[in-house]
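J.: please work out how this folds:
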Amino acid sequence: TDKKTFSWTGLDYAEGRHTIEVNVTDMRDYDLSCVKYIDFFASRPTEPHDLYVGDIRLEMAAPEAEAAQHKAQAKALRNSLQWRLNAIDADLPDVLQALIAQLEVPDADAIRAFQKTAKEVYPALDKLFFQKAVQDCGLAAFWCRPEDKVLRDAHAVHAFLTLPAAAVTLGAARGEGEGTQLVVYAPQKLNAVRAELVAAPAMADGTTLPLEAIKLAPMGYVLTENPAYPVDYIGYWPDPILEYLQTPIPVDADTYQSWWMDIQVPHDQKSGTYTGSVRITTDKGEATLPFSLTVFPFELAHGVPYFSPVQFDNMPNYPADPKERYEYRLKIGKLLIDHRLQPDEIYRGFNRDKLVETSKALLDYGSPAFNLGFVNREMDDEYFQQIADAYQKCKEAGILDKAYIYCFDECPAAMFPMIKKTMEKVRE
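T.: Residues are numbered from 1 along each chain as shown. Coordinates of the predicted model:
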């Protein structure tokens, strides 16, 4: 009854016979005789082709290779613990004493046991790090990596990827966007907290980075609910970047709050290192965090240079006015393109509203392609006509050469005959 999907990507093979090897260590807790089926997904095939699958064998990894992998994992785990202990000047927690000893000669079980316990212990160590750094203004403030999902609840499962820092150094080419996060922790509630740029970042020769090239906005938090699949955390999840919010915000007691800083380097910006700072003000005082940006001596053209569709969506009734909602959606798409991500609608139908208008606007802004529509059911005359109409509209608009079709996502084997028949009709 414990259903699980495993996937491997990046398997790139030309025509001919190949042996594909994948590491299935993560499947060790599952009975491999219960595998139902194996899917092979081909991205953007240039022509119809057949795939023949031969023997599927389960083989033991070479002991030397497995031992080297475990050793590297153990080293990374010890490092992740050590920088935490160094940062808070603390001894090794009792709960990790025995586990850290097992990592001296690690195996898969020792590594998983450490990871499971660290998931419980690390958030508490990270919180202690912030508690020790609280300033007179009533909070502790640091830079953290943009990949960090900074959960609002300081008791939650979040552990920082690397040590939060009092200063951060960023790097970007001319025409490139780069982002980072500023995170604060408040042991007691603060009613009005604001983060703002002190001045335009500048080089030693006085050259400045325009203030309008930098956006600094608080992260909003969405209260999530229990989905139909297991997740590590249900509660306030960071999602919207509240650029419209110009007023100070409250920070509740014993919580984290982050601000997102997004820098879009102008195409004509002088290369070199710019330094600046962000001032955080509260009802009790203020703190300052420095940052620097190195602009590299080359330029990246605007737009997305590779095929990389990212499904994105916004709330169906926000904003309330349909025209404003459409403009809002375009702004989200353009934000993704600014960061070289391809905004797309891979799960929407061929008869969706403003198919041509939206696709053309995003193509003109720098997106490399768009999804004509999502094929996900058996073909009938009405469905066939929807595809034909969308095809003709995009052809007349001169954008058909940028179109692709996304179809049938993670379907069971019983659907394969229907999928084959449907896709033959699509090719017509």
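J.: can you pull out the strands in this protein?
T.: For the chain, the strands defined by DSSP state E occupy 140-144, 168-174, 177-186, 190-197, 214-223, 236-241, 249-251, 255-264, 272-281, 286-299, 309-311, 342-344, 370-375, 403-407.
J.: show me what the first one packs onto, helices and strands only.
T.: Packed against strand 140-144, as judged by 3 or more C-beta pairs under 8 Å, 6 or more residues apart in numbering; DSSP states H and E, are the following elements: helix 108-131, strand 177-186, strand 286-299. C-beta: built from backbone N, CA, C; applies to glycine.
J.: so what are the sheet partners of the shortest one and their directions?
T.: This points to strand 177-186. Partner strands for strand 177-186, per DSSP bridges, with pairing direction: strand 140-144 (antiparallel), strand 255-264 (antiparallel).
J.: before we move on, the earlier item: just the helices and strands packed on strand 140-144: most buried one?
T.: strand 177-186 (a mean of 21; mean count of other C-beta atoms under 10 Å).
J.: relative to strand 236-241, how tilted is it?
T.: 140 degrees (axes from the mean of the first three to the mean of the last three C-alpha atoms, to 10 degrees).
J.: using PDB, list the CA coordinates for strand 177-186.
T.: The C-alpha coordinates for strand 177-186 follow below in PDB (Å, rounded to 0.1, in the frame of the first residue of the first chain):
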ATOM      1  CA  GLY A 177      19.400  39.100 -12.400                       C
ATOM      2  CA  GLU A 178      20.600  37.900  -9.000                       C
ATOM      3  CA  GLY A 179      18.800  37.500  -5.700                       C
ATOM      4  CA  THR A 180      19.300  36.800  -2.100                       C
ATOM      5  CA  GLN A 181      17.500  36.800   1.200                       C
ATOM      6  CA  LEU A 182      17.700  38.800   4.400                       C
ATOM      7  CA  VAL A 183      16.200  37.000   7.400                       C
ATOM      8  CA  VAL A 184      15.400  38.300  10.900                       C
ATOM      9  CA  TYR A 185      14.400  36.500  14.100                       C
ATOM     10  CA  ALA A 186      12.500  38.300  16.900                       C
END
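J.: longest helix in the protein, by number of residues?
T.: Longest helix in the chain, counting residues (DSSP state H): helix 63-88.
J.: which elements pack onto that helix?
T.: Judged by 3+ C-beta pairs under 8 Å, 6+ apart, helix 63-88 is in contact with helix 94-102, helix 108-131.
J.: tell me the mean pLDDT over that helix?
T.: In this model, helix 63-88 has an average pLDDT of 87.
J.: picking that back up, closest to Pro417 out of the helices and strands packed on helix 63-88?
T.: Closest approach to Pro417 among those is made by helix 108-131 (40.0 Å; C-beta to C-beta).
J.: that older thread, let's have the helices and strands packed on helix 63-88 in CSV, adding distance to Leu400 and mean pLDDT.
T.: Listed next are these as CSV, based on distance: least, C-beta to C-beta, whole Å; pLDDT from 0 to 100:
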stretch, distance to Leu400, mean pLDDT
helix 94-102, 58, 78
helix 108-131, 49, 88
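J.: ok, which of these comes nearest Gly16?
T.: Among the helices and strands packed on helix 63-88, helix 108-131 comes nearest to Gly16, with 34.6 Å by C-beta to C-beta.
J.: got the CA coordinates for that closest one in CSV?
T.: The C-alpha trace of helix 108-131 is given here as CSV (Å, rounded to 0.1, in the frame of the first residue of the first chain):
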residue,chain,number,x,y,z
ALA,A,108,23.8,3.6,4.4
ASP,A,109,22.0,2.9,7.7
ALA,A,110,24.3,5.1,9.7
ILE,A,111,23.9,8.0,7.3
ARG,A,112,20.1,7.7,7.2
ALA,A,113,20.0,7.6,11.0
PHE,A,114,22.1,10.7,11.3
GLN,A,115,20.0,12.5,8.7
LYS,A,116,16.8,11.7,10.5
THR,A,117,18.0,12.9,13.8
ALA,A,118,19.7,16.0,12.3
LYS,A,119,16.3,17.0,10.7
GLU,A,120,14.9,17.2,14.3
VAL,A,121,18.0,18.8,15.9
TYR,A,122,19.3,21.3,13.4
PRO,A,123,16.3,23.7,13.5
ALA,A,124,16.8,24.1,17.2
LEU,A,125,20.6,24.7,16.8
ASP,A,126,19.8,27.3,14.0
LYS,A,127,17.3,29.1,16.3
LEU,A,128,19.9,29.2,19.1
PHE,A,129,22.4,30.8,16.6
PHE,A,130,19.8,33.6,16.0
GLN,A,131,18.9,34.0,19.7
